[in-house]
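1. following is a predicted model, sequence given first.
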Amino acid sequence: MGNFCYICLSVTSHYHIMKLYTGKDINKLTELIPANSGVFAIIDNKVEDYFSAMKNWKIFPLRALESSKTLGTAAHICSWLMENKADRDCFIIGAGGGVTTDLAGFVASVYKRGVRFGLVPTTLLSSADAALGGKNGVNHLRVKNMIGTITQPEWVFQSPVFFRTLQRRVFTEGIAEMLKTFLIFSPDLYAFCVSFFKSYNHRNPSEKEERLLERLVRECARLKMEVVKKDERDHGERMVLNLGHTFAHALEGWAAANHRKILHGEAVAAGIVASAKAAAIMGICPKSLASELSEDFHSVGLKTSFGVSFSKIFNTMQQDKKASGEILTLILPLGIGNVARYLITASDLRKACGRLVI
Ligand code: GLY
């Protein structure tokens, strides 16, 4: 694969191996397509131009909005595949941010009971998190990722060249997911990442900075996939990756219902700080952690509060996928590099967090 770098990540319950490719040459993608397979690519229309050299791909340009991540859109893409005679040997590619990779993975895992697929994340957020680990899905009744599958892509192709044209806000939300992973697994990389992103100009990085970002994203992916390998179905260890997400998903649900725009990574940053505040109230982490995290996130351009009172998101928090009856599983930070799963009843959560503003 030339100067390509790839890491093989065998996922326990799967007989195939998900490969992670990183590199700058997008044309290398053609080497990843299985022979004799028709390629059907679902591509975020904002990045379609990057793929103009792929003449024999059939392209479904997607207007990728969180509100279009629905069963209806998935069904529409399946109809398009049928109209274009995509058979069981076809290969699906999803190229774009998290909305596109989640939808494309979902369609690939259900179309004709499942066909092979690869993902090309084009945002920092999807490269560092969404496109990795095989979670595919759509939102339903305003609840995020309520319907979906866990099916691994055959490969993920990461390239920092896609990041240069992202809007500042879209680039920055990806930093939140990277910091989350390092906060869970690596205090050193967490600290490094905070100082790296303080001065990173994503539109005009130096060669050296871009190479460093590529390595950081790869390291983030490697750490994430280590835990996915141990618990692909998300019943145990993998749950730590949901740090801040119970608050974040509920905040996103509130935003959708109130016509406010809060991006997933922005909600994750606010959710992590809210989790640290909740952990301090429960007496399991120092009070200073929330302010330390908040300061770090602000320094890289992330907001940590949207002024939403806890009571406004509490009902949605109870619909979290990890909730079991009255009991919610929260992932709470105890310190940098130290997180814990915490089971709490909905009524205790309300008592503890009633005064929080997220
Ligand atoms: N984004 C959390 C996970 O992949 O498990």
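-> Nice, I can see it.
2. what parts of this protein come near the ligand?
-> Residues of the chain lying close to the ligand (C-beta under 6 Å from any ligand atom) are 129, 133, 135, 234, 238, 241-242. Placement of C-beta: from N, CA and C, glycine included.
3. can you tell me which two in those are farthest apart?
-> The most widely separated members of the residues of the chain next to the ligand, counting by C-beta to C-beta, are Asp129 and Asp234 (13.7 Å).
4. tell me how many other residues surround the residue of the stretch 251-358 of the chain found nearest the ligand.
-> Nearest residue of the stretch 251-358 of the chain to the ligand: Val268, at 9.2 Å (C-beta to the nearest ligand atom). Neighbours of Val268 under the rule other C-beta atoms under 10 Å: 30.
5. per-residue confidence at the residue of the stretch 151-300 of the chain found nearest the ligand?
-> The nearest approach of the stretch 151-300 of the chain to the ligand comes at Leu241, 3.9 Å away (C-beta to the nearest ligand atom). Here, the pLDDT recorded for Leu241 equals 96.
6. and the one 3 residues further on, by the same measure?
-> Gly244 carries a pLDDT value of 94.
7. in stretch 274-292, what's buried?
-> By 16 or more other C-beta atoms under 10 Å, the buried positions in stretch 274-292 come out as 274-282, 285, 289-290.
8. quick one, phi/psi of the closest residue to Ile262 other than its chain neighbours?
-> Of all residues not flanking Ile262 in the chain, Ala255 sits nearest, at 4.1 Å (C-beta to C-beta, 6 or more residues apart in numbering). Note on Ala255: backbone dihedrals following degrees, to the nearest 10 are phi -60, psi -40.
9. so Ala255 sits right up against Ala267, yeah?
-> Yes. The criterion here is C-beta atoms under 8 Å, and Ala255 meets it with Ala267 at 7.5 Å.
10. and Asp129 and Asp234? which has more neighbours close in?
-> Asp129 (27 against 18).
11. report the contact partners of the more buried one.
-> 98, 177-178, 180-181, 220, 224, 241 (C-beta atoms under 8 Å, 6 or more residues apart in numbering).
12. reformat these as a markdown table; add neighbour count and secondary structure.
-> Shown next, in a markdown table, are the contacts of Asp129 (neighbours: other C-beta atoms under 10 Å; DSSP: H, G, I helix; E, B strand; the rest coil):
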| residue | neighbour count | secondary structure |
| --- | --- | --- |
| Gly98 | 25 | helix |
| Glu177 | 25 | helix |
| Met178 | 28 | helix |
| Lys180 | 30 | helix |
| Thr181 | 25 | helix |
| Cys220 | 27 | helix |
| Lys224 | 23 | helix |
| Leu241 | 24 | helix |
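13. rewinding a little: just give me the closest of the buried residues of stretch 274-292 to Leu263.
-> Among the buried residues of stretch 274-292, and counting by C-beta to C-beta, the member closest to Leu263 is Ala274, at 16.3 Å.
14. and the closest residue to Asn242 other than its chain neighbours, its phi and psi?
-> Among residues not flanking Asn242 along the chain, Ile331 sits closest, at 5.0 Å (C-beta to C-beta, 6+ apart). When quoted as degrees, to the nearest 10, the phi and psi of Ile331 stand at phi -100, psi 120.
15. how near is Ile331 to Glu237?
-> According to C-beta to C-beta, to the nearest Å, Ile331 stands 11 Å off from Glu237.
16. those two: who's more crowded?
-> Ile331 (23 against 14).
17. rewinding a little: for the residue of the stretch 151-300 of the chain closest to the ligand, what are its contacts?
-> Contact partners of Leu241, counting by C-beta under 8 Å, 6+ apart, are 129, 133, 180-181, 184, 224, 227, 331.
18. what about the stretch 251-358 of the chain, any weak spots by pLDDT?
-> Scanning the stretch 251-358 of the chain for pLDDT under 70 picks out the ranges 321-323.
19. now the helices: where do they sit in it?
-> 264-281, 288-299, 310-317, 346-353 (DSSP state H, counting those that start in this stretch).
20. elements contacting the third one?
-> The elements that helix 310-317 packs onto, with contact taken as 3 or more C-beta pairs under 8 Å, 6 or more residues apart in numbering; DSSP states H and E, are helix 245-257, helix 346-353.
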